[in-house]
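Chemist: Based on what follows, work out the 3D shape:
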Amino acid sequence: MMNNIKQLGIWMDHSNAHLMELTNGIIVHRVVSELTNHETEFNFYKGEKLIHKKEQHLQLSYYKKIGDIIKKYQDVVLFGPTDAKNELLNLIKTDHLFEGIKIEVENSDKMTEDQMQTFVIDYFK
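Modeler: Below you'll find the predicted structure:
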């Protein structure tokens, strides 16, 4: 049982993360950023700075949720079409709780659910 390395592939952009745990098959979870539900209409009474600060807070919260899941794995690949994967990596690099976890970043385009799963299976072969 010690040889059973827990592997996780995460396709992500700034609003969605598809987390695919590689076991005998693939278990898929989704994390959705609250930013997607956040109204970004510009209310000039609130001010753009306040809106930007709220959006940053929601983005950090999204990355933290994903990070909390990553802590349960030993081998993780982050992939997707945006900089979100790099932003997440930079954020968790500073946290010693992630020291024993191998985390790599791969660039990829938008993908279907099947393409994501195939990518993860091929990556960990």
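Chemist: Any stretches of the chain with poor pLDDT?
Modeler: Low-confidence segments of the chain, defined by pLDDT under 70: 1-3, 36-47.
Chemist: For it, just list every one of the strands.
Modeler: For the chain, the strands defined by DSSP state E occupy 7-12, 16-22, 26-32, 75-80, 102-107.
Chemist: Note down every partner strand of the second one and its orientation.
Modeler: Within its sheet, and counting by DSSP bridges, strand 16-22 is paired with strand 7-12 (antiparallel), strand 26-32 (antiparallel).
Chemist: Tell me which residues are up against that strand.
Modeler: 6-12, 26-33, 36, 62, 66, 69, 73, 113, 116-117, 120-121, 124 (C-beta atoms under 8 Å, 6 or more residues apart in numbering). Every C-beta, even on glycine, is put in place using the N, C-alpha and C of the backbone.
Chemist: any idea how far R30 is from the closest residue in space to I69 that isn't next to it in sequence?
Modeler: Leaving aside its sequence neighbours, I69 sits nearest to L19 (C-beta to C-beta, 6 or more residues apart in numbering; 6.0 Å). Note on L19: its distance to R30, by C-beta to C-beta, to the nearest Å, is 7 Å.
Chemist: same question, Q56
Modeler: According to C-beta to C-beta, Q56 stands 22 Å off from R30.
Chemist: More neighbours: the two, which one.
Modeler: Q56 (11 against 8; other C-beta atoms under 10 Å).
Chemist: what about the closest residue to K72 other than its chain neighbours, neighbour count?
Modeler: Distances taken as C-beta to C-beta, 6+ apart put K6 closest to K72, at 6.6 Å, once the chain neighbours are dropped. Using other C-beta under 10 Å, K6 has 13 neighbouring residues.
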